[in-house]
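Enquirer: output the structure for:
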Amino acid sequence: MERALSAPGKLFVSGEYAVLWGGVSRVAAIGPRTGALVRRRPDSRVHVCLEEGTLAGRTTPLGVKWEREVPPGFSFVARTLDEALRLHGRESVGFDLALAPSAVGPNGLKLGMGGSACATVLAADAVRFVLEERFDALKLALVAHTAQQNGKGSGGDVATSHAGGMVRYRRYPVSGLIEASSAGGYRAAVDAAPSVDVWRLPPPQVSLGYAFTGESASTRVLISQVEAKWGETGRQDFVRRSDAVGQEIERGLGGGDFRAFAEAVREQQALLLELGPLETESMRRVLSLAASYDCAGKQSGAGGGDGCILFAPDAQKRAALLEGIRARGFHTLELDLEPGVRGESHVEPALRSWLDAVR
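Expert: This next block holds a predicted model:
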């Protein structure tokens, strides 16, 4: 019994940081997709297979009893499997899970498209399949991803990878569920918890692109620095202004006056820069180029590196913009919205070979 899966990455369109403090974000599910393959075992053994190696253990009602300390590269997947087995709450069969690596740029750096969130979503859906469970895989993924980050992060990347498309998302409170995971009553708490506040928006009528600046940044470090600097009053004022410009961006995604939409995107970027030096020199160059092509762009995510999401009024102008940015040495992608986590009929050969090796 096996299942092949895939899930998309994400890019923030609006509301990063504001969503951490109660505001609303808009997030796009984009490719390239990441694949996974899960296979049920006849015993209680567990193997997680990644490009960097294999982590082994066995199932228990309290999680996986791992044979060694969990390496950093396995941490989000391992935490998700632990949380799933606690939700299951009884002895279970084992399984083998292989996950493809996240997309990287020409220099080998991750592209900043939510690789850990994507892996968490894939692990949650895979283990639910193996256990033949009916729990909410999105709630599970949000709990696991947040707990592994010690409460940091909004979960917008997780919700988008799960739901797909262009989504409107408000941060889901998981602190009570994390407490129940260790204190008892976990399954009842998850079942009774409200639905996640995530809504799929209509497909955008503007063309999307991405420019990777060739630098990577730590989201957790940046969030900690910003939150240490801003008090409650300042945060709420920021949320109010971010939500207002986010509504304008959502309206502009539906088409119409591209100039007004581009101005809203610039306002969102200006708001983010009030939080601190989040924009690198490479990002400034990319955004300046976007404006020179009568397009628009902004940082996507916490800033300090990674890349910029770009908006053009049509596919022809997007192609010209991306060609101009590539000519300056940046890695670019044309973006189309992707469906959320789903089963696949095709299995990546590498994933099957990894699982065959641990039979």
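Enquirer: where in the stretch 151-300 of the chain is pLDDT low?
Expert: 215-223 (pLDDT under 70).
Enquirer: quick one: the helices in it?
Expert: 156-163, 175-183, 186-192, 219-229, 232-253, 258-273, 281-292 (DSSP state H, counting those that start in this stretch).
Enquirer: how about these in JSON lines, adding mean neighbour count?
Expert: All C-beta spots, glycine's among them, are computed from the backbone N, C-alpha and C. As requested, those are exported to JSON lines (neighbours: other Cβ atoms under 10 Å):
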{"stretch": "helix 156-163", "mean neighbour count": "30"}
{"stretch": "helix 175-183", "mean neighbour count": "16"}
{"stretch": "helix 186-192", "mean neighbour count": "16"}
{"stretch": "helix 219-229", "mean neighbour count": "15"}
{"stretch": "helix 232-253", "mean neighbour count": "17"}
{"stretch": "helix 258-273", "mean neighbour count": "19"}
{"stretch": "helix 281-292", "mean neighbour count": "17"}
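Enquirer: of all the ones you listed, which one is nearest V13?
Expert: V13 lies closest to helix 232-253 among the helices of the stretch 151-300 of the chain, at 6.4 Å (Cβ to Cβ).
Enquirer: by contact count, what packs against the closest one?
Expert: Packing partners of helix 232-253 (3 or more Cβ pairs under 8 Å, 6 or more residues apart in numbering; DSSP states H and E): strand 2-14, strand 24-40, helix 258-273.
Enquirer: of all these, which lies closest to D136?
Expert: Comparing those by Cβ to Cβ, strand 2-14 comes nearest, at 16.0 Å.
Enquirer: could you say what helices and strands that closest one packs with?
Expert: Where contact means 3+ Cβ pairs under 8 Å, 6+ apart, strand 2-14 is packed against strand 24-40, helix 115-131, helix 156-163, helix 232-253, strand 306-312, strand 342-344.
Enquirer: let's have the ones you listed in CSV, adding distance to A357.
Expert: CSV is the format used below for the helices and strands packed on strand 2-14 (distance: least, Cβ to Cβ, whole Å):
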stretch, distance to A357
strand 24-40, 12
helix 115-131, 18
helix 156-163, 27
helix 232-253, 45
strand 306-312, 34
strand 342-344, 21
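Enquirer: could I get the helices of the stretch 151-300 of the chain as CSV with distance to E52?
Expert: Listed next are the helices of the stretch 151-300 of the chain as CSV, based on distance: least, Cβ to Cβ, whole Å:
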stretch, distance to E52
helix 156-163, 21
helix 175-183, 27
helix 186-192, 30
helix 219-229, 21
helix 232-253, 38
helix 258-273, 33
helix 281-292, 28
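Enquirer: quick revisit: of all the helices and strands packed on strand 2-14, which one is nearest N150?
Expert: Closest to N150 of these is helix 115-131 (Cβ to Cβ; 13.5 Å).
Enquirer: packing partners for that closest one?
Expert: When contacts are defined as 3+ Cβ pairs under 8 Å, 6+ apart, helix 115-131 packs onto strand 2-14, strand 24-40, helix 75-88, strand 95-99, helix 137-148, helix 156-163.
Enquirer: quick check: angle from the fifth one to strand 2-14?
Expert: The one in question is helix 137-148. Relative orientation of helix 137-148 versus strand 2-14 (axes from the mean of the first three to the mean of the last three Cα atoms, to 10 degrees): 70 degrees.
Enquirer: packing partners for helix 137-148?
Expert: Of the remaining helices and strands, those touching helix 137-148 by 3+ Cβ pairs under 8 Å, 6+ apart are helix 75-88, helix 115-131, helix 156-163, helix 175-183, helix 186-192.
Enquirer: what would those helices look like in TSV with distance to S224?
Expert: Putting the helices and strands packed on helix 137-148 into TSV (distance: least, Cβ to Cβ, whole Å) gives the following:
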stretch	distance to S224
helix 75-88	18
helix 115-131	17
helix 156-163	17
helix 175-183	17
helix 186-192	28
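Enquirer: to L337, which of those helices lies closest?
Expert: Across those, L337 has its closest neighbour in helix 156-163 (10.2 Å, Cβ to Cβ).
Enquirer: and that closest one, C-alpha only, in PDB?
Expert: Extracted C-alpha coordinates of helix 156-163, given in PDB (Å, rounded to 0.1, in the frame of the first residue of the first chain):
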ATOM      1  CA  GLY A 156       0.500  31.100   6.100                       C
ATOM      2  CA  ASP A 157       3.000  29.000   4.200                       C
ATOM      3  CA  VAL A 158       1.600  25.800   5.600                       C
ATOM      4  CA  ALA A 159      -2.100  26.700   4.800                       C
ATOM      5  CA  THR A 160      -1.200  27.800   1.300                       C
ATOM      6  CA  SER A 161       0.800  24.600   0.500                       C
ATOM      7  CA  HIS A 162      -2.200  22.600   1.700                       C
ATOM      8  CA  ALA A 163      -5.000  24.600   0.100                       C
END
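Enquirer: okay then, goodbye and thanks.
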